[in-house]
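S.K.: I need the structure of the sequence given here:
(one chain, ligands or ions: 2)
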Amino acid sequence: MSALKVCIVSSEAAPFAKTGGLADVAAALARHLGKKGHDVRLVMPLYQRVQQGKWKLEPVPGLQDVPITLGSKRTWFSVSTTELPDSKTRVWFVRCPELYDREGIYTQDQDEHLRFVLLNRAAIELCQWSKWAPDVFHVNDWHASLIPLYLRTVYGWDRMFQSTKTVLTLHNIGYQGIVGADKLHDLGFEHFANLLHQEHLREGKIGFLETGLLYATAVTTVSATYAEEIQTPELGMGLEGLLRARRDALVGIVNGVDYDVWDPRHDELIPARYSPKDLKGKRACRAALLAKYGLAAGPDAPVFGIVSRLTAQKGFELAAEALPVVLHRQDVRLVVLGSGEERYQNFFTSLQRSFPDKVAYATGYDEALSHSIEAGADLFLMPSRYEPCGLNQMYSLRYGTVPIVRRTGGLADTVQEWNGRTGAGTGFLFDEFKGEALLDAIARALGVWRDEQAWNRLVQNGMAQDFSWEKQVRQYEALYERLLGR
Ligand code: ADP
Ligand code: GLC
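M.R.: Ligands and ions are numbered 1, 2, ... in the order given. From the prediction side, this is the model:
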(Lines give C-alpha, C1' and ligand atoms only; values in the text may rest on other atoms or scores of the structure.)
(Ligands and ions follow the chains in the order given, each with its own letter.)
Protein backbone atom coordinates (compact mmCIF):
# COMPACT_ATOMS: atom_id res chain seq x y z
CA MET A 1 0.00 0.00 0.00
CA SER A 2 1.43 3.39 -0.93
CA ALA A 3 1.77 6.08 1.72
CA LEU A 4 -1.15 8.46 1.94
CA LYS A 5 -1.28 12.07 3.00
CA VAL A 6 -3.93 12.31 5.69
CA CYS A 7 -4.99 15.49 7.44
CA ILE A 8 -6.89 14.71 10.64
CA VAL A 9 -8.83 17.65 12.08
CA SER A 10 -10.13 17.46 15.63
CA SER A 11 -11.15 19.81 18.41
CA GLU A 12 -9.36 17.60 20.96
CA ALA A 13 -6.33 15.33 21.03
CA ALA A 14 -4.68 13.61 23.97
CA PRO A 15 -2.47 14.46 25.77
CA PHE A 16 -2.81 18.12 24.75
CA ALA A 17 -6.50 18.84 25.33
CA LYS A 18 -9.12 16.28 26.32
CA THR A 19 -12.67 16.24 27.63
CA GLY A 20 -13.58 12.74 26.46
CA GLY A 21 -12.88 9.84 24.14
CA LEU A 22 -12.57 11.96 21.00
CA ALA A 23 -9.17 13.13 22.24
CA ASP A 24 -7.90 9.59 22.73
CA VAL A 25 -9.21 8.44 19.38
CA ALA A 26 -7.98 11.36 17.27
CA ALA A 27 -4.48 11.05 18.73
CA ALA A 28 -4.36 7.26 18.45
CA LEU A 29 -5.53 7.28 14.85
CA ALA A 30 -2.91 9.88 13.93
CA ARG A 31 -0.18 7.96 15.76
CA HIS A 32 -1.05 4.59 14.26
CA LEU A 33 -1.49 5.85 10.70
CA GLY A 34 1.90 7.51 11.11
CA LYS A 35 3.42 4.25 12.35
CA LYS A 36 2.19 2.57 9.18
CA GLY A 37 4.20 5.02 7.13
CA HIS A 38 1.50 7.48 6.14
CA ASP A 39 2.20 11.19 6.06
CA VAL A 40 -0.17 12.47 8.74
CA ARG A 41 -0.94 15.90 10.12
CA LEU A 42 -3.18 16.31 13.10
CA VAL A 43 -4.68 19.82 13.21
CA MET A 44 -6.26 21.32 16.35
CA PRO A 45 -6.64 24.68 18.09
CA LEU A 46 -3.90 26.05 20.30
CA TYR A 47 -6.01 26.41 23.43
CA GLN A 48 -4.74 28.26 26.44
CA ARG A 49 -4.12 24.97 28.25
CA VAL A 50 -1.88 23.76 25.40
CA GLN A 51 -0.01 27.04 25.40
CA GLN A 52 0.56 26.67 29.15
CA GLY A 53 1.62 23.03 28.87
CA LYS A 54 5.14 21.62 28.77
CA TRP A 55 5.14 21.15 24.98
CA LYS A 56 7.97 22.31 22.78
CA LEU A 57 6.01 24.27 20.22
CA GLU A 58 7.86 25.37 17.10
CA PRO A 59 6.43 28.14 14.91
CA VAL A 60 6.08 26.97 11.30
CA PRO A 61 7.90 29.39 8.96
CA GLY A 62 5.61 30.89 6.32
CA LEU A 63 2.58 30.21 8.51
CA GLN A 64 2.78 33.14 10.87
CA ASP A 65 0.22 35.93 11.13
CA VAL A 66 -1.83 34.72 8.20
CA PRO A 67 -4.76 37.13 7.73
CA ILE A 68 -8.22 35.61 7.54
CA THR A 69 -11.70 37.11 7.32
CA LEU A 70 -14.52 35.35 9.14
CA GLY A 71 -17.69 37.22 8.22
CA SER A 72 -17.18 40.75 9.45
CA LYS A 73 -14.28 39.73 11.67
CA ARG A 74 -10.74 40.18 10.45
CA THR A 75 -8.19 38.21 12.38
CA TRP A 76 -4.89 36.38 12.09
CA PHE A 77 -3.71 32.89 12.78
CA SER A 78 -0.30 31.31 13.09
CA VAL A 79 0.71 27.68 13.13
CA SER A 80 3.02 25.95 15.59
CA THR A 81 3.92 22.31 15.60
CA THR A 82 5.21 19.62 17.91
CA GLU A 83 5.59 15.88 17.78
CA LEU A 84 2.70 13.75 18.99
CA PRO A 85 4.30 11.82 21.90
CA ASP A 86 5.55 8.31 21.00
CA SER A 87 5.32 8.95 17.29
CA LYS A 88 6.83 10.72 14.34
CA THR A 89 3.49 12.31 13.55
CA ARG A 90 3.28 16.06 13.94
CA VAL A 91 0.48 18.03 15.50
CA TRP A 92 -0.26 21.36 13.86
CA PHE A 93 -1.73 23.86 16.28
CA VAL A 94 -3.76 26.79 15.03
CA ARG A 95 -2.85 29.78 17.14
CA CYS A 96 -5.30 32.66 17.41
CA PRO A 97 -5.24 34.12 20.93
CA GLU A 98 -8.33 36.20 20.30
CA LEU A 99 -10.42 33.04 19.83
CA TYR A 100 -8.58 30.27 21.64
CA ASP A 101 -6.97 31.92 24.61
CA ARG A 102 -9.80 31.00 26.96
CA GLU A 103 -10.06 28.76 29.97
CA GLY A 104 -12.08 25.90 28.51
CA ILE A 105 -11.81 23.81 25.37
CA TYR A 106 -15.46 24.55 24.64
CA THR A 107 -17.23 27.71 25.74
CA GLN A 108 -20.73 29.13 25.83
CA ASP A 109 -19.41 32.36 24.32
CA GLN A 110 -21.36 33.89 21.51
CA ASP A 111 -18.48 33.53 19.07
CA GLU A 112 -18.11 29.77 19.72
CA HIS A 113 -19.01 29.06 16.09
CA LEU A 114 -16.15 31.30 14.89
CA ARG A 115 -13.66 29.35 16.98
CA PHE A 116 -14.46 26.26 14.93
CA VAL A 117 -14.99 28.05 11.61
CA LEU A 118 -11.39 29.13 12.07
CA LEU A 119 -10.28 25.56 12.80
CA ASN A 120 -11.90 24.34 9.56
CA ARG A 121 -10.56 27.13 7.41
CA ALA A 122 -7.08 27.23 8.94
CA ALA A 123 -6.73 23.46 8.41
CA ILE A 124 -7.38 23.98 4.71
CA GLU A 125 -5.23 27.09 4.45
CA LEU A 126 -2.25 25.60 6.22
CA CYS A 127 -2.26 22.87 3.58
CA GLN A 128 -2.38 25.52 0.86
CA TRP A 129 0.40 27.63 2.33
CA SER A 130 2.66 24.64 2.82
CA LYS A 131 1.74 23.18 -0.60
CA TRP A 132 0.73 19.87 0.95
CA ALA A 133 -2.28 18.37 -0.80
CA PRO A 134 -3.89 15.75 1.44
CA ASP A 135 -5.34 12.63 -0.15
CA VAL A 136 -7.84 12.59 2.67
CA PHE A 137 -9.20 15.17 5.07
CA HIS A 138 -10.40 13.10 8.02
CA VAL A 139 -12.66 15.39 10.04
CA ASN A 140 -14.15 14.64 13.43
CA ASP A 141 -17.52 15.64 14.87
CA TRP A 142 -19.28 18.96 14.27
CA HIS A 143 -16.23 21.05 15.08
CA ALA A 144 -14.51 20.10 11.83
CA SER A 145 -17.40 19.15 9.62
CA LEU A 146 -17.60 22.23 7.43
CA ILE A 147 -14.41 21.21 5.62
CA PRO A 148 -16.15 19.07 2.98
CA LEU A 149 -18.34 21.99 1.90
CA TYR A 150 -15.53 24.57 2.16
CA LEU A 151 -13.47 22.47 -0.25
CA ARG A 152 -16.29 22.70 -2.79
CA THR A 153 -17.11 26.35 -2.29
CA VAL A 154 -14.85 28.90 -0.63
CA TYR A 155 -11.75 26.89 -1.64
CA GLY A 156 -13.32 25.28 -4.71
CA TRP A 157 -11.01 27.33 -6.95
CA ASP A 158 -7.90 25.59 -5.66
CA ARG A 159 -6.99 22.70 -7.96
CA MET A 160 -4.67 21.43 -5.28
CA PHE A 161 -7.66 19.74 -3.61
CA GLN A 162 -9.04 18.35 -6.85
CA SER A 163 -8.63 14.73 -5.83
CA THR A 164 -8.86 15.17 -2.06
CA LYS A 165 -11.51 12.99 -0.39
CA THR A 166 -13.21 13.71 2.90
CA VAL A 167 -14.11 11.33 5.70
CA LEU A 168 -16.38 12.55 8.50
CA THR A 169 -16.29 10.50 11.70
CA LEU A 170 -19.28 10.80 14.01
CA HIS A 171 -18.18 10.32 17.58
CA ASN A 172 -21.40 11.62 19.04
CA ILE A 173 -24.39 13.04 17.21
CA GLY A 174 -25.71 14.48 20.47
CA TYR A 175 -23.61 17.52 19.61
CA GLN A 176 -24.45 18.98 16.20
CA GLY A 177 -23.10 22.53 16.21
CA ILE A 178 -26.40 24.22 15.36
CA VAL A 179 -26.24 27.98 14.84
CA GLY A 180 -28.76 30.59 13.73
CA ALA A 181 -29.13 31.28 10.02
CA ASP A 182 -27.91 34.80 10.76
CA LYS A 183 -24.43 33.24 11.00
CA LEU A 184 -24.37 32.47 7.26
CA HIS A 185 -21.95 35.33 6.62
CA ASP A 186 -19.66 34.32 9.52
CA LEU A 187 -19.47 30.84 8.04
CA GLY A 188 -18.56 32.30 4.64
CA PHE A 189 -21.53 30.63 2.92
CA GLU A 190 -23.44 33.77 1.94
CA HIS A 191 -23.04 32.89 -1.75
CA PHE A 192 -23.67 29.19 -1.19
CA ALA A 193 -26.85 29.15 0.89
CA ASN A 194 -28.46 26.91 -1.71
CA LEU A 195 -26.04 24.15 -0.72
CA LEU A 196 -27.08 24.05 2.93
CA HIS A 197 -29.93 21.96 4.34
CA GLN A 198 -32.81 23.97 2.88
CA GLU A 199 -35.55 23.04 5.27
CA HIS A 200 -33.44 23.87 8.30
CA LEU A 201 -32.26 27.08 6.73
CA ARG A 202 -35.91 28.10 6.28
CA GLU A 203 -36.46 27.27 9.94
CA GLY A 204 -33.61 29.67 10.69
CA LYS A 205 -30.79 27.28 11.55
CA ILE A 206 -27.59 25.84 10.12
CA GLY A 207 -26.03 22.66 11.49
CA PHE A 208 -22.28 22.14 11.18
CA LEU A 209 -22.69 18.38 11.50
CA GLU A 210 -25.53 18.00 9.01
CA THR A 211 -23.54 20.08 6.50
CA GLY A 212 -20.69 17.62 6.88
CA LEU A 213 -23.10 14.73 6.45
CA LEU A 214 -24.32 16.20 3.20
CA TYR A 215 -20.90 16.65 1.63
CA ALA A 216 -18.34 14.25 3.14
CA THR A 217 -17.22 11.60 0.65
CA ALA A 218 -17.68 8.99 3.35
CA VAL A 219 -19.09 8.96 6.85
CA THR A 220 -17.92 6.67 9.62
CA THR A 221 -19.01 6.20 13.16
CA VAL A 222 -17.31 4.47 16.02
CA SER A 223 -19.18 1.16 16.21
CA ALA A 224 -21.31 -1.00 13.93
CA THR A 225 -24.27 -0.94 16.30
CA TYR A 226 -24.26 2.86 16.60
CA ALA A 227 -24.13 3.07 12.79
CA GLU A 228 -27.46 1.23 12.73
CA GLU A 229 -28.98 3.01 15.75
CA ILE A 230 -28.45 6.51 14.37
CA GLN A 231 -30.60 5.67 11.37
CA THR A 232 -33.61 5.32 13.68
CA PRO A 233 -35.75 8.06 15.25
CA GLU A 234 -34.85 6.81 18.77
CA LEU A 235 -31.15 7.61 18.47
CA GLY A 236 -30.86 9.62 15.24
CA MET A 237 -31.41 12.91 17.06
CA GLY A 238 -33.14 14.38 14.03
CA LEU A 239 -30.41 13.27 11.61
CA GLU A 240 -31.86 9.81 10.96
CA GLY A 241 -33.35 10.80 7.59
CA LEU A 242 -30.09 12.24 6.35
CA LEU A 243 -28.17 9.25 7.68
CA ARG A 244 -30.51 6.80 5.98
CA ALA A 245 -30.12 8.72 2.74
CA ARG A 246 -26.36 8.33 3.06
CA ARG A 247 -26.36 4.77 4.35
CA ASP A 248 -24.22 3.55 1.45
CA ALA A 249 -21.50 5.99 2.48
CA LEU A 250 -21.78 5.14 6.20
CA VAL A 251 -19.65 2.53 7.99
CA GLY A 252 -19.12 1.66 11.64
CA ILE A 253 -15.52 1.09 12.71
CA VAL A 254 -15.14 0.38 16.38
CA ASN A 255 -12.48 2.41 18.17
CA GLY A 256 -9.22 0.85 19.20
CA VAL A 257 -7.41 1.12 22.48
CA ASP A 258 -4.01 2.71 22.75
CA TYR A 259 -2.38 -0.06 24.78
CA ASP A 260 0.82 2.00 25.00
CA VAL A 261 -1.17 4.22 27.35
CA TRP A 262 -3.80 1.83 28.74
CA ASP A 263 -2.21 -1.42 29.85
CA PRO A 264 -1.52 -2.43 33.47
CA ARG A 265 1.69 -4.19 32.39
CA HIS A 266 3.46 -0.86 31.90
CA ASP A 267 1.09 1.86 33.14
CA GLU A 268 3.19 4.32 35.14
CA LEU A 269 0.13 6.13 36.47
CA ILE A 270 -0.97 3.23 38.68
CA PRO A 271 0.63 2.20 41.99
CA ALA A 272 1.69 -1.29 40.81
CA ARG A 273 2.00 -3.08 37.49
CA TYR A 274 0.35 -6.43 36.75
CA SER A 275 -0.53 -8.90 34.02
CA PRO A 276 -3.07 -11.70 33.56
CA LYS A 277 -0.45 -14.19 34.78
CA ASP A 278 0.12 -12.36 38.03
CA LEU A 279 -2.61 -10.24 39.53
CA LYS A 280 -0.77 -9.33 42.74
CA GLY A 281 -0.33 -5.81 41.40
CA LYS A 282 -4.06 -5.46 40.87
CA ARG A 283 -4.66 -6.26 44.52
CA ALA A 284 -2.10 -3.60 45.44
CA CYS A 285 -3.86 -1.07 43.18
CA ARG A 286 -7.16 -1.92 44.81
CA ALA A 287 -5.75 -1.48 48.32
CA ALA A 288 -4.12 1.82 47.34
CA LEU A 289 -7.35 3.14 45.82
CA LEU A 290 -9.37 2.28 48.91
CA ALA A 291 -6.70 3.70 51.23
CA LYS A 292 -6.61 6.95 49.27
CA TYR A 293 -10.26 7.52 50.17
CA GLY A 294 -10.18 5.94 53.62
CA LEU A 295 -12.52 3.15 52.55
CA ALA A 296 -11.66 0.01 54.43
CA ALA A 297 -12.62 -3.28 52.81
CA GLY A 298 -11.73 -6.93 52.96
CA PRO A 299 -11.21 -9.00 49.83
CA ASP A 300 -14.86 -10.08 49.82
CA ALA A 301 -16.31 -6.63 49.22
CA PRO A 302 -16.17 -5.82 45.50
CA VAL A 303 -15.17 -2.34 44.40
CA PHE A 304 -17.24 -0.63 41.70
CA GLY A 305 -15.65 2.09 39.59
CA ILE A 306 -17.07 4.90 37.45
CA VAL A 307 -15.09 7.39 35.34
CA SER A 308 -17.27 9.56 33.19
CA ARG A 309 -18.46 12.85 31.92
CA LEU A 310 -21.68 13.38 33.86
CA THR A 311 -24.18 14.08 31.10
CA ALA A 312 -27.61 12.66 30.24
CA GLN A 313 -25.95 10.40 27.65
CA LYS A 314 -24.27 8.36 30.35
CA GLY A 315 -27.46 7.11 32.00
CA PHE A 316 -26.76 7.93 35.62
CA GLU A 317 -30.49 8.22 36.34
CA LEU A 318 -30.31 4.45 36.49
CA ALA A 319 -27.42 4.60 38.91
CA ALA A 320 -29.54 6.90 41.07
CA GLU A 321 -32.22 4.21 41.19
CA ALA A 322 -29.99 1.19 41.59
CA LEU A 323 -26.93 2.21 43.59
CA PRO A 324 -28.59 3.21 46.88
CA VAL A 325 -30.32 -0.18 46.93
CA VAL A 326 -27.09 -2.08 46.30
CA LEU A 327 -25.19 0.02 48.86
CA HIS A 328 -27.86 -0.63 51.49
CA ARG A 329 -28.01 -4.33 50.98
CA GLN A 330 -24.50 -5.37 50.05
CA ASP A 331 -21.00 -5.04 51.34
CA VAL A 332 -19.60 -3.17 48.33
CA ARG A 333 -17.47 -0.07 47.69
CA LEU A 334 -17.84 2.55 44.98
CA VAL A 335 -15.26 5.01 43.65
CA VAL A 336 -16.50 7.63 41.19
CA LEU A 337 -14.58 10.19 39.15
CA GLY A 338 -16.65 12.54 37.07
CA SER A 339 -17.84 16.03 36.52
CA GLY A 340 -20.49 17.63 34.41
CA GLU A 341 -24.13 18.44 35.02
CA GLU A 342 -24.98 19.59 38.50
CA ARG A 343 -27.85 17.14 39.03
CA TYR A 344 -25.50 14.16 38.66
CA GLN A 345 -22.75 15.76 40.71
CA ASN A 346 -25.32 16.38 43.45
CA PHE A 347 -26.42 12.78 43.28
CA PHE A 348 -22.91 11.40 43.78
CA THR A 349 -22.17 13.96 46.48
CA SER A 350 -25.24 12.91 48.41
CA LEU A 351 -24.50 9.23 47.84
CA GLN A 352 -21.10 9.76 49.40
CA ARG A 353 -22.71 11.57 52.32
CA SER A 354 -25.21 8.74 52.86
CA PHE A 355 -22.58 6.00 52.64
CA PRO A 356 -19.35 7.62 53.86
CA ASP A 357 -17.68 4.26 54.53
CA LYS A 358 -18.58 2.83 51.18
CA VAL A 359 -18.52 5.62 48.58
CA ALA A 360 -15.84 8.04 47.40
CA TYR A 361 -16.63 10.71 44.85
CA ALA A 362 -13.98 12.84 43.13
CA THR A 363 -14.82 15.68 40.76
CA GLY A 364 -12.65 17.48 38.27
CA TYR A 365 -10.56 15.99 35.54
CA ASP A 366 -7.83 13.65 36.74
CA GLU A 367 -5.93 11.50 34.26
CA ALA A 368 -3.92 9.61 36.90
CA LEU A 369 -6.99 8.87 39.02
CA SER A 370 -8.86 7.59 35.96
CA HIS A 371 -6.09 5.00 35.49
CA SER A 372 -6.06 4.16 39.21
CA ILE A 373 -9.81 3.49 39.20
CA GLU A 374 -9.51 1.25 36.14
CA ALA A 375 -6.80 -0.72 37.93
CA GLY A 376 -8.18 -0.67 41.48
CA ALA A 377 -11.84 -1.47 40.82
CA ASP A 378 -13.29 -4.97 40.38
CA LEU A 379 -16.33 -3.87 38.39
CA PHE A 380 -16.92 -0.90 36.12
CA LEU A 381 -20.33 0.69 35.53
CA MET A 382 -21.53 2.21 32.23
CA PRO A 383 -25.34 2.36 32.16
CA SER A 384 -25.34 4.65 29.09
CA ARG A 385 -28.55 5.84 27.48
CA TYR A 386 -26.57 5.78 24.22
CA GLU A 387 -22.87 5.18 23.61
CA PRO A 388 -21.33 5.61 20.16
CA CYS A 389 -18.36 3.48 21.19
CA GLY A 390 -17.18 4.02 24.75
CA LEU A 391 -13.57 3.50 25.68
CA ASN A 392 -13.71 2.84 29.39
CA GLN A 393 -15.33 -0.57 29.02
CA MET A 394 -12.43 -1.60 26.77
CA TYR A 395 -9.89 -0.12 29.18
CA SER A 396 -11.65 -1.99 32.00
CA LEU A 397 -11.35 -5.31 30.19
CA ARG A 398 -7.61 -4.87 29.84
CA TYR A 399 -7.30 -3.95 33.54
CA GLY A 400 -9.19 -7.05 34.66
CA THR A 401 -12.11 -4.91 35.79
CA VAL A 402 -15.41 -6.46 34.77
CA PRO A 403 -17.74 -4.08 32.91
CA ILE A 404 -21.47 -3.84 33.59
CA VAL A 405 -22.92 -1.99 30.62
CA ARG A 406 -26.16 -1.23 28.87
CA ARG A 407 -26.51 -3.03 25.53
CA THR A 408 -26.22 0.01 23.26
CA GLY A 409 -23.79 1.26 20.60
CA GLY A 410 -20.19 0.24 21.07
CA LEU A 411 -20.92 -1.25 24.48
CA ALA A 412 -23.01 -3.92 22.75
CA ASP A 413 -20.17 -4.57 20.30
CA THR A 414 -17.31 -4.88 22.78
CA VAL A 415 -18.70 -6.65 25.86
CA GLN A 416 -20.13 -10.19 25.81
CA GLU A 417 -22.45 -11.49 28.50
CA TRP A 418 -20.82 -13.98 30.88
CA ASN A 419 -22.07 -17.51 30.41
CA GLY A 420 -21.52 -19.64 33.51
CA ARG A 421 -22.11 -22.84 31.60
CA THR A 422 -19.52 -22.35 28.86
CA GLY A 423 -17.17 -20.05 30.74
CA ALA A 424 -17.30 -17.57 27.84
CA GLY A 425 -18.05 -13.86 28.06
CA THR A 426 -16.44 -10.75 29.44
CA GLY A 427 -19.06 -8.80 31.40
CA PHE A 428 -22.70 -8.16 32.14
CA LEU A 429 -25.23 -6.40 29.92
CA PHE A 430 -28.78 -5.17 30.30
CA ASP A 431 -31.23 -3.89 27.72
CA GLU A 432 -34.04 -1.87 29.18
CA PHE A 433 -33.28 1.65 30.27
CA LYS A 434 -34.56 0.97 33.79
CA GLY A 435 -33.04 0.92 37.25
CA GLU A 436 -34.35 -2.61 37.78
CA ALA A 437 -32.53 -3.86 34.69
CA LEU A 438 -29.28 -2.41 35.98
CA LEU A 439 -29.96 -3.90 39.42
CA ASP A 440 -30.49 -7.25 37.83
CA ALA A 441 -27.18 -7.05 35.95
CA ILE A 442 -25.40 -6.04 39.17
CA ALA A 443 -27.01 -9.01 40.97
CA ARG A 444 -25.75 -11.38 38.27
CA ALA A 445 -22.28 -9.89 38.56
CA LEU A 446 -22.24 -10.25 42.35
CA GLY A 447 -23.38 -13.85 42.00
CA VAL A 448 -20.32 -14.63 39.90
CA TRP A 449 -18.09 -12.55 42.20
CA ARG A 450 -18.78 -15.01 45.01
CA ASP A 451 -17.54 -17.89 42.86
CA GLU A 452 -13.81 -17.35 42.83
CA GLN A 453 -13.03 -19.74 40.03
CA ALA A 454 -15.70 -18.38 37.72
CA TRP A 455 -14.64 -14.82 38.53
CA ASN A 456 -11.02 -15.56 37.63
CA ARG A 457 -12.09 -16.99 34.33
CA LEU A 458 -14.23 -13.93 33.61
CA VAL A 459 -11.32 -11.61 34.42
CA GLN A 460 -8.94 -13.62 32.24
CA ASN A 461 -11.41 -13.56 29.34
CA GLY A 462 -11.56 -9.77 29.55
CA MET A 463 -7.81 -9.28 29.81
CA ALA A 464 -7.29 -11.43 26.73
CA GLN A 465 -9.44 -9.17 24.53
CA ASP A 466 -7.57 -7.30 21.84
CA PHE A 467 -8.95 -3.99 20.64
CA SER A 468 -5.62 -2.70 19.47
CA TRP A 469 -5.39 0.16 17.01
CA GLU A 470 -3.01 -1.88 14.87
CA LYS A 471 -6.07 -3.86 13.88
CA GLN A 472 -8.59 -1.03 13.69
CA VAL A 473 -6.40 1.29 11.69
CA ARG A 474 -6.40 -1.18 8.81
CA GLN A 475 -10.09 -0.58 8.37
CA TYR A 476 -9.51 3.15 7.96
CA GLU A 477 -6.70 2.50 5.50
CA ALA A 478 -8.98 0.23 3.50
CA LEU A 479 -11.67 2.91 3.48
CA TYR A 480 -9.24 5.61 2.30
CA GLU A 481 -7.92 3.34 -0.44
CA ARG A 482 -11.42 2.56 -1.60
CA LEU A 483 -12.37 6.24 -1.75
CA LEU A 484 -9.23 7.04 -3.67
CA GLY A 485 -9.84 4.18 -6.07
CA ARG A 486 -6.45 2.63 -5.37
P1 ADP B 1 -16.99 10.06 26.04
O2 ADP B 1 -16.05 10.40 24.95
O3 ADP B 1 -18.41 10.05 25.63
O4 ADP B 1 -16.77 10.90 27.24
P5 ADP B 1 -15.50 7.54 26.20
O6 ADP B 1 -15.74 6.33 27.02
O7 ADP B 1 -15.27 7.35 24.77
O8 ADP B 1 -16.71 8.55 26.49
O9 ADP B 1 -14.20 8.28 26.70
C10 ADP B 1 -14.10 8.92 27.92
C11 ADP B 1 -12.65 9.22 28.18
O12 ADP B 1 -12.57 10.35 29.03
C13 ADP B 1 -11.94 8.10 28.87
O14 ADP B 1 -10.57 8.09 28.49
C15 ADP B 1 -12.07 8.49 30.35
O16 ADP B 1 -11.09 7.91 31.15
C17 ADP B 1 -11.94 9.99 30.26
N18 ADP B 1 -12.58 10.74 31.35
C19 ADP B 1 -13.88 11.06 31.49
N20 ADP B 1 -14.06 11.80 32.59
C21 ADP B 1 -12.86 11.96 33.15
C22 ADP B 1 -12.37 12.64 34.33
N23 ADP B 1 -13.19 13.30 35.13
N24 ADP B 1 -11.06 12.60 34.58
C25 ADP B 1 -10.23 11.91 33.77
N26 ADP B 1 -10.61 11.27 32.67
C27 ADP B 1 -11.90 11.29 32.36
C1 GLC C 1 -17.74 10.20 21.93
C2 GLC C 1 -18.66 9.10 22.42
C3 GLC C 1 -17.95 7.88 22.91
C4 GLC C 1 -16.80 7.51 22.00
C5 GLC C 1 -15.88 8.71 21.82
C6 GLC C 1 -14.69 8.42 20.90
O7 GLC C 1 -17.46 11.17 22.85
O8 GLC C 1 -19.55 9.57 23.40
O9 GLC C 1 -18.86 6.81 23.00
O10 GLC C 1 -16.08 6.44 22.52
O11 GLC C 1 -16.58 9.77 21.27
O12 GLC C 1 -15.09 7.98 19.64
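S.K.: just the strands in the stretch 201-350 of the chain please.
M.R.: 205-207, 218-221, 250-252, 303-310, 333-340 (DSSP state E, counting those that start in this stretch).
S.K.: next one: the last one to chain centre, how far?
M.R.: Its chain's C-alpha centre and that of strand 333-340 lie 18 Å apart, by CA atoms, centre = their mean, to the nearest Å.
S.K.: Report the angle between that strand and strand 303-310.
M.R.: 10 degrees (axes from the mean of the first three to the mean of the last three CA atoms, to 10 degrees).
S.K.: what about strand 333-340 and ligand 2, any contact?
M.R.: No: under the criterion of CB under 6 Å from any ligand atom, ligand 2 is not reached by strand 333-340; the shortest gap measures 12.3 Å. Placement of C-beta: from N, CA and C, glycine included.
S.K.: pLDDT averaged over that strand, what's the number?
M.R.: Per-region confidence: strand 333-340 scores 97 on mean pLDDT.
S.K.: re earlier: need the strands of the stretch 201-350 of the chain in a markdown table with distance to Gln472 and mean neighbour count, can you?
M.R.: As requested, these are exported to a markdown table (distance: least, CB to CB, whole Å; neighbours: other CB atoms under 10 Å):
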| stretch | distance to Gln472 | mean neighbour count |
| --- | --- | --- |
| strand 205-207 | 28 | 21 |
| strand 218-221 | 11 | 23 |
| strand 250-252 | 11 | 20 |
| strand 303-310 | 22 | 23 |
| strand 333-340 | 26 | 22 |
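S.K.: Dihedrals phi and psi, Thr169?
M.R.: Here is the backbone geometry of Thr169 (degrees, to the nearest 10): phi -100, psi 130.
S.K.: Count the residues that sit near it.
M.R.: Thr169: 27 surrounding residues under other CB atoms under 10 Å.
S.K.: how far does stretch 467-486 sit from the chain's center?
M.R.: 19 Å.
S.K.: In JSON lines, list the strands of the stretch 201-350 of the chain along with distance to Thr414.
M.R.: Putting these into JSON lines (distance: least, CB to CB, whole Å) gives the following:
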{"stretch": "strand 205-207", "distance to Thr414": "29"}
{"stretch": "strand 218-221", "distance to Thr414": "14"}
{"stretch": "strand 250-252", "distance to Thr414": "12"}
{"stretch": "strand 303-310", "distance to Thr414": "16"}
{"stretch": "strand 333-340", "distance to Thr414": "21"}
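S.K.: Reformat these as CSV; add distance to ligand 1.
M.R.: As requested, the strands of the stretch 201-350 of the chain are exported to CSV (distance: least, CB to the nearest ligand atom, whole Å):
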stretch, distance to ligand 1
strand 205-207, 20
strand 218-221, 12
strand 250-252, 15
strand 303-310, 4
strand 333-340, 5
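S.K.: Glu103 is nearest to which of these?
M.R.: Of all the strands of the stretch 201-350 of the chain, strand 333-340 sits nearest to Glu103, with 14.4 Å by CB to CB.
S.K.: so Gly281 touches His266, yeah?
M.R.: No: if you go by CB atoms under 8 Å, Gly281 and His266 don't touch, sitting 11.3 Å apart.
S.K.: If anything else comes up later, I'll come back, but that's it for now.
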